[in-house]
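Colleague: return a 3D structure for these sequence lines:
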Amino acid sequence: MRVAAIGLALASGLTAQTAMVQRNVNLRRDPSVTEVPIVLLTPPATLRLLETTKQQGYMHVRTSMGQEGWVWAKNVSLSNAPPPVGGFVGPAEIYPDLAKTPGLTNMAVTQDNLASTICNPNFDTDTIRPPTSVTNSIKEMQMPEYGNSISDPNKTCMLHSDNKACYEEDHLISLENGGHPRDPRNLWPQPYFTRIDGKVAGARQKDVVENYIRNAICFGMAGYESHGVAAHGSMSLKQGQEILTGDWYACYLKIKSSGDCN
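Modeller: Okay, the predicted model is just below:
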């Protein structure tokens, strides 16, 4: 009982501390570089701090996916803000249910062929975009699964409205960033008009992130012209896709403040 009480007290004292990944960092099982990494964490992933003191320059953390381990402290920054639900900075309604929509990549787009695919000046998503008859059919199937079934006769687009016009059947990994065009695992009914602190944060704001990520993936490639918010450096295809299947809204806040997500 005494051990459990101490553990509970320690946990409650840490609930207000989180850490955000600032630079790519490995999550390791022990605070040692000799340990094989569990996973590579990339910005702007949010972590929950499990211990107050560092060990050999490492911090003990838990990821939003529930993985526990150690990260090099110099690659993360501490915050005293309450940890966001699920490890994300925005409310749940602006993200997909990853059990239903985990995101799926287009196998025809790889890191090695970017110059001839999404970074090609002649690349056009319309050549691979499914017709609205396909996406509308998937939207009708998915809306009840997402609980979007509340009667909305005045078309106010409140939370979980049943009005199809309130949603974009969105590719979680966008087509311009190597997302699968037709698989329902890469599509979800994303609301247009959700609000955070009075400001809209929905499908069109995610579009801003998608354009930025493509600019970063294609950064410096011959012939490529930037669209939307310019990136100031490059990121890999995998990094960009992980942002889209992770906390896209955290990336949105960064680029709106003239920052970068990589």
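Colleague: is Gln190 in a helix, a strand, or coil?
Modeller: Classification of Gln190 using DSSP: H, G, I helix; E, B strand; the rest coil returns strand.
Colleague: for Val61, same thing?
Modeller: Under three-state DSSP, Val61 comes out as strand.
Colleague: so how many other residues sit close to it?
Modeller: Neighbours of Val61 under the rule other C-beta atoms under 10 Å: 26. C-beta coordinates here come from the backbone N, C-alpha and C atoms, glycine included.
Colleague: tell me which stretches of this protein form strands.
Modeller: Here the chain has its strands, by DSSP state E, at 18-21, 25-28, 37-41, 46-49, 58-62, 68-72, 76-79, 167-171, 187-191, 195-196, 199-200.
Colleague: most tightly surrounded among these?
Modeller: Greatest average neighbour count among the strands of the chain goes to strand 187-191 (a mean of 25), per mean count of other C-beta atoms under 10 Å.
Colleague: so what strands line up beside it?
Modeller: Strand 187-191 pairs in its sheet with strand 167-171 (antiparallel), by DSSP bridges.
Colleague: how far does the strand it pairs with sit from its chain's centre?
Modeller: On the basis of C-alpha atoms, centre = their mean, to the nearest Å, strand 167-171 is displaced by 15 Å from the centre of the chain it belongs to.
Colleague: ok, now stretch 140-153?
Modeller: 23 Å.
Colleague: stretch 172-181 too?
Modeller: Per C-alpha atoms, centre = their mean, the centroid offset for stretch 172-181 relative to its chain is 13 Å.
Colleague: flag the shaky bits of this structure, pLDDT-wise.
Modeller: 1-17, 44, 64-66, 79-87, 262 (pLDDT under 70).
Colleague: same thing but at 90, please
Modeller: Applying pLDDT under 90 to the chain picks out residues 1-24, 32-56, 59, 61-69, 74-93, 97-100, 159, 194-200, 256-262.
Colleague: on that earlier part again, just send the strands of the chain back as TSV, with distance to Ser161 too.
Modeller: Shown next, in TSV, are the strands of the chain (distance: least, C-beta to C-beta, whole Å):
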stretch	distance to Ser161
strand 18-21	32
strand 25-28	39
strand 37-41	36
strand 46-49	29
strand 58-62	35
strand 68-72	38
strand 76-79	34
strand 167-171	8
strand 187-191	8
strand 195-196	14
strand 199-200	15
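Colleague: Gly178 is nearest to which of the ones you listed?
Modeller: strand 167-171 (10.2 Å; C-beta to C-beta).
Colleague: what are the contacting residues of the closest one?
Modeller: 135-136, 138-139, 142-143, 148, 179-181, 186-192, 203, 206 (C-beta atoms under 8 Å, 6 or more residues apart in numbering).
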